[in-house]
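**Student:** This is a predicted model, with the sequence first.
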Amino acid sequence: MNVKEMFQQFVNDRRLDEVIEPLKRSSDIFDIIQPTENQHSKILAWLFNPREGHGQGDAILKDFLYAAYEASDEHVLANKLFFDTWSPSRIARTGFHGICLMPEFCLDSGKRLDLLMVDFDNEILIIVENKYGARYSTDQLENYYSEVAAMLRQRPAFQGFRTAHIALDRNYRRRQGEEGPPSPLNRWAYVDYRWLERGARRAELQLKRGNASASLVMAYCQAQTDYEPPSLRNASDVLAELVREYQPLVDAFAKAREITVGSLTPTDLRDDMWVYVRHHADMVSRMINMEALAFLEPSLRRSMPEVPLDTYYGKQYVDLQPVAWRVLGEEDGLWPLAIKVWAVDNSADGGAQFGFALYYSPGECNAQHAKALRSALEDAFPELRKGRQTASYRTLGHVKAVGEAALQGRVRQLLESANAAVQGALN
């Protein structure tokens with residue numbers, strides 16, 4: 001079957017209804033509007049403000065502080081003092097309803113902090129430098145740290161206050177495969193936007209209870225993370241099937257997407273593919289991003305037929321777990337252990353690059369297996385004994401960037417090591 005015939009068959013495939021309809025998300029304004037960096041900071045200030053009408057109270061601010069705590073291991077100076085005092089348990093039992101939020105706060109030098117938060121009741125200062133697409137400058141962070149000390153921390157009004165310095169970078173997880181975070185790492189807590197997934201899940205549940213104000217929260221959180229609501233989870237699985245079955249067509253879609261209006265020829269328009277790609281831009285983009293990951297699953301199944309797999313597809317990632325691992329978690333809960341594989345942005349040689357790691361979430365493991373699983377994983381992955389032991393999740397066997405040709409073999413090695421540890425825990 002040639003590509004033209006395959007295209008006609010694809011357009012007539014009944015499974016497309018399971019993909020196209022869920023992608024018509026009329027409430028997701030952030031799929032249409034792309035805020036600037038300053039606007040992102042103002043949206044975050046709105047989300048963090050417990051007095052706003054988003055219906056979340058101070059829950060999103062707490063999510064943010066939890067994430068910063070997990071990123072503050074081995075910190076010194078102000079951040080050490082802050083997070084030695086503000087542990088997750090204290091954050092959880094404290095109300096932050098009196099906090100003051102100041103986006104674009106002007107320092108004495110004329111430079112601006114993206115967001116300053118001051119809570120006089122709890123005696124805390126939170127400094128947020130937010131980078132959305134741009135990179136941090138080491139000098140910039142060092143200067144901000146010094147200026148905050150001189151202008152705020154050392155003033156009598158703030159004596160006894162604890163101060164957190166948090167560098168927020170949407171692409172931080174993917175940047176780790178490059179040169180790593182700038183110094184001084186131990187004076188700033190570096191976090192990406194994954195912590196917003198908790199807010200998205202919470203808003204999703206509130207929407208089901210009729211809280212319409214949660215829709216904007218969910219839209220923003222979903223747009224900034226890999227979080228997929230349940231309405232899209234089945235669509236992603238179906239889309240992966242279609243990618244595998246119509247792989248030559250996905251390549252043709254990618255080529256058609258690159259053709260500009262000014263370079264169109266009558267041949268380009270005759271078979272309708274160029275028009276179709278633009279009519280269904282979101283779906284086509286997902287198919288192109290998913291292409292390599294969609295083939296990873298069946299290749300692993302063929303090479304490890306004795307280990308049946310569960311899979312979950314996101315925007316640019318796939319989660320894998322052997323079916324036997326289901327007993328580790330609760331029936332309707334999140335997976336306590338899974339291998340996550342994701343596309344890495346901006347590979348140096350232009351070829352496709354992927355990162356992967358074993359994600360371990362101890363809080364999602366049921367009591368029956370929690371202790372034995374922890375012990376087995378520590379033996380198989382000694383790095384688990386180091387770092388913050390109270391983290392909500394840990395990444396083990398983390399590989400930051402690998403080419404497509406080596407991906408299957410490397411993921412299989414990690415899967416085999418993890419599966420041996422789990423079987424030891426279960427036995």
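**Tutor:** The structure has been received and is ready for your questions.

**Student:** what are the phi and psi angles of Tyr246?
**Tutor:** Note on Tyr246: its backbone torsions stand at phi -120, psi 40 [degrees, to the nearest 10].

**Student:** Name the nearest residue to it, ignoring sequence neighbours.
**Tutor:** Phe10 (5.3 Å; Cβ to Cβ, 6 or more residues apart in numbering). Every C-beta, even on glycine, is put in place using the N, C-alpha and C of the backbone.

**Student:** need the contact list for that neighbour.
**Tutor:** The neighbours of Phe10, taking Cβ atoms under 8 Å, 6 or more residues apart in numbering as the test, are Leu16, Leu242, Tyr246, Leu249.

**Student:** again, but for Ile288
**Tutor:** With the criterion set at Cβ under 8 Å, 6+ apart, Ile288 makes contact with Val250, Phe253, Ala254, Arg257.

**Student:** Buried among those? Make that a ChimeraX selection.
**Tutor:** To isolate the buried ones among these in ChimeraX, judged by 16 or more other Cβ atoms under 10 Å, type:
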select :250,253
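
**Student:** Save the contacts of Ile288 as TSV, and put in secondary structure, distance to Gln423 and pLDDT too.
**Tutor:** Compiled in TSV, the contacts of Ile288 are given as follows (DSSP: H, G, I helix; E, B strand; the rest coil; distance: Cβ to Cβ, whole Å; pLDDT from 0 to 100):
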residue	secondary structure	distance to Gln423	pLDDT
Val250	helix	36	91
Phe253	helix	41	93
Ala254	helix	40	90
Arg257	helix	44	89
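
**Student:** which other helices and strands contact whichever strand or helix holds Glu204?
**Tutor:** According to DSSP states H and E, Glu204 maps onto helix 196-208. Helix 196-208 is packed against helix 59-70, helix 214-224, with contacts defined by 3 or more Cβ pairs under 8 Å, 6 or more residues apart in numbering; DSSP states H and E.

**Student:** Now the next helix or strand after the first one: buried residues?
**Tutor:** Remark: after helix 59-70, the chain's next helix or strand is helix 77-85, criterion DSSP H and E. With burial defined by 16+ other Cβ under 10 Å, the residues of helix 77-85 counted as buried are Ala78, Asn79, Phe82, Phe83.

**Student:** for the residues you listed, which one is nearest Ala68?
**Tutor:** Phe83 (7.5 Å; Cβ to Cβ).

**Student:** Can you tell me the closest non-neighbouring residue to the closest one?
**Tutor:** Ser72 (4.5 Å).

**Student:** Quick check, Tyr190 in contact with Ala167.
**Tutor:** Yes - the criterion here is Cβ atoms under 8 Å, and Tyr190 meets it with Ala167 at 5.0 Å.

**Student:** if we can go back for a sec, from the contacts of Ile288, pick the one nearest Ala324.
**Tutor:** Closest to Ala324, out of all of the contacts of Ile288 and judged by Cβ to Cβ, is Val250, at 32.0 Å.
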